Every structure is written in C-alpha cells, then in structure tokens.
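Colleague: next one to model:
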Amino acid sequence: MHSVSRRQALSPRRLVRLSTAAAALLACQASAWADGPQFRFSGFGTMGVAHSTNKQADYTANFDQPSGPGYSRSWDAGLDSKLAGQMDVTFSSKFSATAQVETRRRYDASFKPDLMLAFGKWQATPEVSVRLGRLPYPAFLISDYREVGYSQTTVRPPVDFYQGVFPRRLTGADVTWRTSVDSVALKAIGFYGKELAKLPNGIEIDFTRIYGLNLSADVGDMNYRISYMDFKFNPSSAQLGAVFQGVAFGFPAGALGTGSPAIPGDPALANAYYRPGMHTFYGSLSANYDPGDWFVNSEVAMAQAVSFFPQRQFYYVTSGVRLDKFTPYATVSGMLAENFAVTGHPVVDQILAGSQASSQRTVGIGLRWDAVKNVALKTQFDSVKLDTGSTGQFANVQPGFTPGSRIGIFSLAVDFVF
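Modeller: Here you go, the predicted model:
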C-alpha cells in the first residue's frame, strides 16, 4: 500500500527498538556522568463500572473498543478499567528514558498488556528537548495524561471529543521549545511520526507522515493552546477491501440480493474512497482557566473529510467547583458530522450513510471525591442525544435501535496513582 518498501520504511517497531537501544547506550555511558542511572517506578489505574439505558447498542469510550454497556451487557466493568506501570530512568541532567505498560480493553476484547510508551529524551538546552520513540499523541489539551484517570476531574475524557478515529500514541519524534516573554510562558511542540491503529472486526488504519505543531501560552491562571496536525490515512479491512473491489469491477445481477440489478464497475469511485495515502488534517483550539477554587476548560476542533468519514467538528466545555475534598462538575460536548456526500452508487452510499449518521451531543454532571491521598472516587451521569437519523458513536447497533434517541449513561469509578 506504500511507495516505500518494508525494508526501507522506519516502522513503529523499529523506532521503539531504536529508542530502546539509545537508552541502553546511555546506560553504558551513565557512569561517566554520575554514580549511575536513577530509576523511578510509578503507576496508575481505574476500576470502573458503567450502565446504559439503551439495550440495542453499546456505549464505548474509545473508537477501538469492541463493546460496552448496553447491548452486550447491562453493567460493564471494562469500559473505563485499566492498570498501568511506568519506569523512568534518569541518566544525567540531559538524558532520560521512559517506558509505560498498560492493560485495558483492546480492539480484540482482550486485556493483553501493551507497551503504550517507550521513548528516550535529550534535554539539549534548558529551553529545548527532543524525544524519540513511542510518544503520547500530542494533538490534545490532555495528551500527556489522557490515560491517567486520576489526573482528570471527569470519569473519562469527553467521549464526543476524544473518541474520534485518531491513534492513542505516535511513533516518531517531537521537539519542545520553551521560553517566556515577561510573565507569559510560551511553549511550542513540533512532531513527526506514524502509527498503526487496530479497530474491531479486523479493521486497521495506518496513519503515515503525521506531522504537526502545538503552540501554548500560560498567562496567570489561563492557558491557551492551538494545534495543527496533518497526516495520511490508510484504511485496511478484508471486508471493506472486497466491497470496494466490487465497486471497482462491478457487481453482477443478484449479487446484492435476490432480484438486484447488475452494477457496472467504477474504478475512479472506488479509488476516491478506498486507497492508501489519503490526506487530511486536524486543527484545534483550547483554553483552560484554573484559579484554584474552580475551573473551566474547553476544546474545539475540526477534522477534514477523508475516505468515507465526513468532515467533523468536535467541542466540549467542562467546569467544576472545588469544595475541600469534593468537586461537583458539569460538562457539555458534541461531535457534528457535516458535508454529507452522495455518489449515486448504492453500495458506496450505504457505507457513507453509516459513517455520516454519527452526530451526537452530551450533557453530563458528576462528583469527584478525593477520599484519601492518591485515590479519587467519581460518579457521573451523561445524557447522550443523537441527531435526527443518527446512531451516534455507539457500537454493535441492533435492528431495534432508534436513531435520534436520547440515552442515559451512569458511571462509577475509582482512580488511583502510586
């Protein structure tokens, strides 16, 4: 699917191996810098359970989850539950390495541990640092701690915003530059890499040539951030491949059901919606105000239409008040699909309709209780309203599901760090 051969390509696995080898080399040289490397182990986890009021579809928190509460089970303990351990190794004031292993519900419904992060870091100057390896995906306000439930007020990041089809990490490199102008702290992050995202039902999305830039400014208690990302998008699925092969070469009479007419092939149409190297971009703006006793944060974003995915707009606003150990909060979010395409081809239009009928909006309220040190208990209720004719971001939609309905999601979670 790529113009670069496997031998020439710098695959995610090879990048991780390179970063690991670099860390090993640094370890060998550590004695020249100090008494030896310093190790720090830490971890985090979530024990959660969630319930959906709709039994005809599954509520999922991430696009790679195959199931959730609703159709598959009334109460689901796997939607938010996870456990992770992280090792940080400091070789000197300039060199360090990080590895993080996480277990959570994966695309294949297993909880097999995954090497989530693995990178080496070089602090080139007090203002500039470089990281190489498997990195946090840098496109969001909470990119560096998205997986850590304890670091967030809500039970989970707003699903309407964060469930979009984007990888959870980036295999490549980033460069961070920090400076200040008077009382304003400025930071710029440039990044480049690739990642293979695996979805349920054998679907894979190969993100290649990912590059982008984040700019942020801290002004007192206010943080502003702007992000731009550009990448190539390669969907892969045996089932989809067979369907679009039929689009390219045609369907004989009866192939789509008894009495269905023959449909001539249209290679140009198949190539327009299913081919490697399709280009798209993502842009976002965010703001966070946190004076201590209360806070409000928000993000808005737009993703260009690509393949059979429509142009999408995402947003959320979350606000809360800290009352000693209790933090009541409310959140509003949405994902809006726009620029619906109609080709006149019955098979392609059916695929497009399924992807485009995904708009939804959510209003949620919740309470966080910091019961003891490093442990937070949370309860949250979300009311998800699907747009007219939309099945939203729900999975395993059954024939009895009513598009455009309103669905309630009740969640309990215990977040901890160690």
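Colleague: for residue 268, give me phi and psi.
Modeller: phi -70, psi -40 (degrees, to the nearest 10).
Colleague: actually residue 149, not the one I typed
Modeller: Dihedral angles (degrees, to the nearest 10) for residue 149: phi -60, psi -30.
Colleague: what's opposite the residue lying closest to residue 116 once chain neighbours are set aside in the beta bridge?
Modeller: Leaving aside its chain neighbours, residue 116 sits nearest to residue 102 (4.3 Å; criterion: Cβ to Cβ, 6 or more residues apart in numbering). All C-beta atoms are positioned from the backbone trio N, CA, C, and that covers glycine. With DSSP bridges applied, residue 102 shows beta-bridge pairing to residue 84, residue 114.
Colleague: just give me the neighbour total for residue 102.
Modeller: 20 (other Cβ atoms under 10 Å).
Colleague: quick one: contacts for it?
Modeller: 82-84, 113-114, 116, 147 (Cβ atoms under 8 Å, 6 or more residues apart in numbering).
Colleague: just put the residues you listed in a markdown table and tack on neighbour count.
Modeller: Below are these laid out as a markdown table (neighbours: other Cβ atoms under 10 Å):
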| residue | neighbour count |
| --- | --- |
| 82 | 20 |
| 83 | 16 |
| 84 | 21 |
| 113 | 14 |
| 114 | 16 |
| 116 | 19 |
| 147 | 22 |
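Colleague: closest to residue 347 out of those residues?
Modeller: residue 114 (35.2 Å; Cβ to Cβ).
Colleague: my read: that closest one touches residue 108, true?
Modeller: No. Contact status for residue 114 versus residue 108: not in contact, 11.3 Å apart, counting by Cβ atoms under 8 Å.
Colleague: hang on, the earlier thing: ok, of the contacts of residue 102, which one's closest to residue 196?
Modeller: residue 114 (12.6 Å).
Colleague: which pLDDT value goes with that closest one?
Modeller: Listed pLDDT for residue 114 reads 95.
Colleague: would you mind measuring from it to residue 107?
Modeller: 11 Å (Cβ to Cβ, to the nearest Å).
Colleague: one more: residue 251?
Modeller: When residue 251 is compared with residue 107 (using Cβ to Cβ), they lie 30 Å apart.
Colleague: could you pull out the strands in the stretch 201-350 of the chain for me?
Modeller: Assigned by DSSP state E, counting those that start in this stretch, the stretch 201-350 of the chain shows strands spanning 204-219, 222-236, 250-251, 263-264, 278-289, 294-303, 311-321, 326-338.
Colleague: residues in contact with the spatially closest residue to residue 244 that is not a sequence neighbour?
Modeller: Of all residues not flanking residue 244 in the chain, residue 274 sits nearest, at 3.9 Å (Cβ to Cβ, 6+ apart). Counting by Cβ under 8 Å, 6+ apart, residue 274 touches 235, 240-241, 244, 247, 307-308.
Colleague: which two in those are spaced the farthest apart?
Modeller: 235 and 247 (14.0 Å).
Colleague: pLDDT below threshold where in this protein?
Modeller: Counting by pLDDT under 70, the low-confidence segments of the chain come to 1-35, 165.
Colleague: center of it - which residue?
Modeller: Centroid-nearest residue in the chain, with Cα atoms, centre = their mean: residue 168, separated by 4.4 Å.
Colleague: burial check on the residue lying closest to it once chain neighbours are set aside, number of neighbours?
Modeller: Nearest residue to residue 168, sequence neighbours excluded (Cβ to Cβ, 6+ apart): residue 137, at 5.9 Å. By other Cβ under 10 Å, the residues close to residue 137 number 19.
Colleague: against residue 190, how distant is residue 137?
Modeller: Residue 137 is 14 Å from residue 190, by Cβ to Cβ.
Colleague: check residue 150 too.
Modeller: On the measure of Cβ to Cβ, residue 150 and residue 190 end up 29 Å apart.
Colleague: residue 205: which of the contacts of residue 102 is nearest?
Modeller: residue 114 (16.8 Å).
Colleague: wait, what's in contact with the closest one?
Modeller: 101-104, 106.
Colleague: could I get these as TSV with distance to residue 199?
Modeller: Below are the contacts of residue 114 laid out as TSV (distance: Cβ to Cβ, whole Å):
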residue	distance to residue 199
101	22
102	18
103	19
104	15
106	10
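Colleague: which one of the residues you listed is nearest residue 178?
Modeller: Using Cβ to Cβ, the contacts of residue 114 come closest to residue 178 at residue 102, 27.7 Å.
Colleague: for residue 189, see how far away that closest one is.
Modeller: In terms of Cβ to Cβ, residue 102 sits 22 Å off from residue 189.
Colleague: how about residue 411?
Modeller: Relative to residue 189, and taking Cβ to Cβ, residue 411 is found at 32 Å.
Colleague: between these two, which one's more packed in?
Modeller: A count of neighbours by other Cβ under 10 Å puts residue 411 above the other of residue 411 and residue 189, at 25 against 19.
Colleague: show me the contacts for the nearest residue to residue 203 once chain neighbours are set aside.
Modeller: Among residues not flanking residue 203 along the chain, residue 237 sits closest, at 4.4 Å (Cβ to Cβ, 6+ apart). Shown in contact with residue 237 (Cβ under 8 Å, 6+ apart): 201-204.
Colleague: give me the number of residues near residue 324?
Modeller: Residue 324: 7 surrounding residues under other Cβ under 10 Å.
Colleague: correction: the previous question concerned residue 220.
Modeller: Neighbour number of residue 220 under other Cβ under 10 Å is 9.
Colleague: swap in the one 10 residues further on?
Modeller: The burial count assigned to residue 230 is 15, neighbours taken as other Cβ under 10 Å.
Colleague: contacting residues around the closest residue to it other than its chain neighbours?
Modeller: Nearest residue to residue 230, sequence neighbours excluded (Cβ to Cβ, 6+ apart): residue 281, at 4.7 Å. Neighbour list for residue 281: 228-231, 303-304 [criterion: Cβ under 8 Å, 6+ apart].
Colleague: now list the buried members of those residues.
Modeller: Neighbour-count burial (16 or more other Cβ atoms under 10 Å) is assigned, among the contacts of residue 281, to 229, 231, 303-304.
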